[in-house]
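J.: Fold the following.
(2 chains)
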Amino acid sequence: MTAFRVLELLVLLAVLAGLVALLRHRNLFLKVLAMDVTSTAVISLFVLIAARDGLITPILHGDTPAVDPQAALTYADPIPQAVILTAIVIGFSVQALLLLATTLLAGRDPTLDVAELDQPEAAGSRAGQR
Amino acid sequence: MNAITIAWLLLPLLVAFLAALLPVVARSGVLLTCLGTAAMALAAHQSWLPTSLQLLGVLGITLRPDGLAAPFLLLNALVCAAVLLDGWRRPQSEAWPLLLLVLHGCVNSAIVAADLISIYVALEVVGIAAFLLLVLGGRRQQVWLGLRLMLVSNTVMLLFLIGCGLLYLEQRSFALEATGQAGGLVLALLAVALLTKAEVFVAGLWLPRTNAEGPLEVSALLSGTVVSAGVVPLLRISAEATSLLPVLRWLGIASAAAGVLLALLEPDLRRLLAWSTLAQMGLVVILPAVGGLYALGHGLAKAALFLLARHIPDPALAGWRQRPLAPRLWWPLMLASLSIAGLPPLLGFLAKEQLSSQLPGAAGWLVTALGAGTVAVYARIWAPPAPQQSDADAGASPPASTGATVLVGALVLLSVSPWVLPLWTAMAPDALAGAMLKSGLVFAAGLMLHHLLTAPGFAAASAPASATASAPALGPAAPIPAPPWRPQLEGLDELLGAIVLLGAVLVGLLGWQP
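T.: Predicted coordinates for the structure are as follows:
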């Protein structure tokens, strides 16, 4: 088993850990944090994929002559890196929005218990109507 | 033509920017953008555009404004315009047209994008825009609904991203064509994310509560256009990956059966419409060739029904016949629901006929049988209209829904427009007569099923008579409680669990090939 496989397995384990935590925790804040763990694991998966063939930063300097094909193989793959940058930005903004909404909900119900939040407020308002 | 396509994709976002600075232009900007999208839909339908557009090299962005995208683009344009027109006279937050523009633009991108990363970005932004539209009212329940939706959608998008990463590892490409040779795990991860976005089967369980307790204009957008952002990539992938097609077919039929069954037992109009969306989206994903037409017919009618539901003060289905609707609400309601049920010559009939005639073997018959179930679902809201009122009373009756009228008008016009006319003329006269006869039988069976279910003995088992009838409608009416014997499946944990289960089933069906 190569080092790449071991690392890949570890990353997928981290994804799994995040998902299990997302399913198991009853507290909304912890659920949001668990999603962040999964998100970080996905980012490291892409970093790992980029570094599969080589570790040299894929930037050519000003007037470097074209690298020979042999040396090019030792560069990291820039495509997954570019892709995951976008995903990091999106993940960050989604996380911010989720935490903002959580804060709004915490103002009314500080326990943030998911089962409690799932009880529609309609039950209360309907009781009020009767 | 490339420049026009790119300009059209950027237009909604630019108009949104402009409208943020100059709120006066916001509404006319939305209409202009929708007009542009409708024009693009026509161009894509007539193949005036290159069907594939490669930007920034081989590993860059791929766009496909092709025949598959055309009906979805038209649907997006019509539904967004109708929702805006419907709320034209109501005072609204300044952010509402902006978010509508962003949603519209990103749904457009998701429809035409043909590489996984562009699809990912578009779907995420669609999710964020839908979240913001839901929480715009700021009520606690709306914030919770939006948060639930966002948490679920972001979780599945992370699975989607893992699928993209593994695909790149296998094929060194993010292009949709690469999914043709992809392993089962990759396909399962991509499919579970897109199924959740498309509201199919257990992955769509978030929909009923979101629709019933959120603002109804957002429900119209969710059922009308947001689903297409998930469906189109799914149809594109299933066209590439042949191993996914049979799995999707049975998932779709299961979704349709479950949706019809739950809609038959539902005491609340808005949730009935949501369950029906679940059923109809299942039928959309069955066959990529007919999916576009089916989704167009369903999306127009369902968005119209949700906009009409705004004007119906009591959503309880118990005692529906004792509260007849004013004719101006009755007509669009009947036309839209008859189209979904598949009455000739409406668009829904044509889509259903194409679907059941092109499906091989038992699946075609199952779809026809489910059609009878759909008739029985909508028979619950078919009742005679209120008698014509005198002019003095007319002022007191609820106003007509502009948006629903526009959508139903478009639906009726489209049924005979050049867009679908070739499909009508392609049918042989005896095939057409056979289809009419079959549709008649389906309606008879559906109405019989409805009468069986509403027989006095059975009706006692459904929900008690509504208590909300006496309460005046203050904002959105409270949801009608489900009968206590029904298992509660719509909590956040159940949603996440259902998605994980669906993912595991898909991996099992598609084969584990890491």
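J.: how many neighbours does residue B:344 have?
T.: When neighbours are counted by other Cβ atoms under 10 Å in any protein chain shown, residue B:344 registers 17. Using the backbone N, CA and C atoms, a C-beta is placed for each residue, glycine as well.
J.: Same check on residue B:31?
T.: With other Cβ under 10 Å as criterion, residue B:31 counts 15.
J.: would you list every one of the helices in the stretch 251-400 of chain B?
T.: In the stretch 251-400 of chain B, the segments counted as helices under DSSP state H, counting those that start in this stretch are B:269-284, B:288-309, B:327-341, B:347-358, B:361-379, B:391-394.
J.: which helices and strands does the first one pack with?
T.: So the one you mean is helix B:269-284. helix B:207-213, helix B:216-221, helix B:227-240, helix B:244-264, helix B:288-309, helix B:361-379 (3 or more Cβ pairs under 8 Å, 6 or more residues apart in numbering or on different chains; DSSP states H and E).
J.: do you know which of those helices lies nearest chain A?
T.: Smallest distance to chain A across these (Cβ to the nearest Cβ): 6.4 Å, for helix B:207-213.
J.: returning to what we had before: export the helices and strands packed on helix B:269-284 as CSV, with columns for mean neighbour count.
T.: Shown next, in CSV, are those (neighbours: other Cβ atoms under 10 Å in any protein chain shown):
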stretch, mean neighbour count
helix B:207-213, 25
helix B:216-221, 26
helix B:227-240, 25
helix B:244-264, 21
helix B:288-309, 27
helix B:361-379, 20
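J.: So which residue is dead centre in chain A?
T.: Residue closest to the average C-alpha location in chain A (Cα atoms, centre = their mean): residue A:39, at 1.0 Å.
J.: Quick check on the spatially closest residue to residue B:192 that is not a sequence neighbour: phi, psi?
T.: Excluding its sequence neighbours, the residue lying closest to residue B:192 (Cβ to Cβ, 6 or more residues apart in numbering or on different chains) is residue B:503, at 4.3 Å. Recorded main-chain torsions at residue B:503 are phi -60, psi -40, according to degrees, to the nearest 10.
J.: how much space between residue B:503 and residue A:99?
T.: As judged by Cβ to Cβ, to the nearest Å, residue B:503 and residue A:99 stand 26 Å apart.
J.: Any part of the strand or helix carrying residue B:100 near chain A?
T.: According to DSSP states H and E, residue B:100 maps onto helix B:95-112. No - using Cβ under 8 Å from any Cβ of the partner chain, we find that helix B:95-112 stays clear of chain A, coming within 11.8 Å at best.
J.: distance between that helix and the chain's centre?
T.: 15 Å (Cα atoms, centre = their mean, to the nearest Å).
J.: Can you tell me the centre-most residue of chain B?
T.: residue B:223 (3.4 Å).
J.: That one touches residue B:278, doesn't it?
T.: No - contact criterion Cβ atoms under 8 Å: residue B:223 and residue B:278 do not qualify, at 9.8 Å.
J.: Name all residues that sit in contact with the two at the same time.
T.: Common neighbours of residue B:223 and residue B:278, counting by Cβ atoms under 8 Å, 6 or more residues apart in numbering or on different chains, are B:199, B:207.
J.: quick one: pLDDT of residue 97?
T.: No chain specified, so I'll use chain A. Here, the pLDDT recorded for residue A:97 equals 94.
J.: looking at chain B here, not the other one
T.: 92.
J.: One more: residue A:24?
T.: So residue A:24 comes in at 91 (pLDDT).
J.: Apart from its neighbours in sequence, what residue is nearest residue B:175?
T.: Looking at residue B:175 with Cβ to Cβ, 6+ apart, the closest residue is residue B:115, at 5.2 Å.
J.: Any chance of the backbone angles for the one you found?
T.: Per degrees, to the nearest 10, the backbone of residue B:115 is at phi -130, psi 150.
J.: So it sits against residue B:58, correct?
T.: No - shown here, residue B:115 and residue B:58 do not form a contact pair, counting by Cβ under 8 Å, at 10.4 Å.
J.: who has more neighbours, the two?
T.: Under the criterion of other Cβ under 10 Å, the comparison of residue B:115 against residue B:58 puts residue B:115 first, with 22 against 8.
J.: ok, residue B:119 to residue B:312 distance?
T.: 37 Å.
J.: more crowded one of those two?
T.: Neighbour totals were compared for residue B:119 and residue B:312, and residue B:119 leads with 29 against 21 (other Cβ under 10 Å).
J.: relative to helix B:95-112, how tilted is the helix or strand hosting the more buried one?
T.: Per DSSP H and E: residue B:119 is located in helix B:116-135. Angle between the axes of helix B:116-135 and helix B:95-112 is 150 degrees (criterion: axes from the mean of the first three to the mean of the last three Cα atoms, to 10 degrees).
J.: So which other helices or strands are in contact with helix B:116-135?
T.: Using 3+ Cβ pairs under 8 Å, 6+ apart: helix B:116-135 touches helix A:78-108, strand B:61-63, helix B:95-112, helix B:140-171, helix B:184-198, helix B:216-221, helix B:227-240.
J.: Would you reformat these as TSV and include distance to residue B:445?
T.: Output for the helices and strands packed on helix B:116-135, formatted as TSV (distance: least, Cβ to Cβ, whole Å):
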stretch	distance to residue B:445
helix A:78-108	46
strand B:61-63	44
helix B:95-112	36
helix B:140-171	36
helix B:184-198	28
helix B:216-221	29
helix B:227-240	28
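J.: between those, which gets nearest to residue B:490?
T.: helix B:140-171 (9.4 Å; Cβ to Cβ).
J.: Just name whatever secondary elements that closest one is in contact with.
T.: helix A:3-24, helix A:28-50, helix A:78-108, helix B:116-135, helix B:184-198, helix B:207-213, helix B:492-510.
J.: so how far is that helix from its chain's centroid?
T.: Per Cα atoms, centre = their mean, the centroid offset for helix B:140-171 relative to its chain is 19 Å.
J.: Give the buried residues for that helix.
T.: Burial within helix B:140-171, assessed by neighbour count using 16 or more other Cβ atoms under 10 Å in any protein chain shown, is assigned to B:141-171.
J.: now that helix and helix A:78-108, what's the angle there?
T.: 160 degrees.
J.: What residues does the residue nearest to the centre of chain B make contact with?
T.: B:199, B:207, B:211, B:273-274, B:277, B:299, B:302-303, B:306.
J.: I'd like the distance between it and chain A.
T.: Distance, residue B:223 to chain A, using Cβ to the nearest Cβ, to the nearest Å: 20 Å.
J.: hang on, the earlier thing: any chance of CSV for the helices and strands packed on helix B:269-284, columns distance to residue B:403 and mean pLDDT?
T.: Below are the helices and strands packed on helix B:269-284 laid out as CSV (distance: least, Cβ to Cβ, whole Å; pLDDT from 0 to 100):
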stretch, distance to residue B:403, mean pLDDT
helix B:207-213, 16, 87
helix B:216-221, 8, 91
helix B:227-240, 18, 92
helix B:244-264, 23, 91
helix B:288-309, 4, 92
helix B:361-379, 20, 89
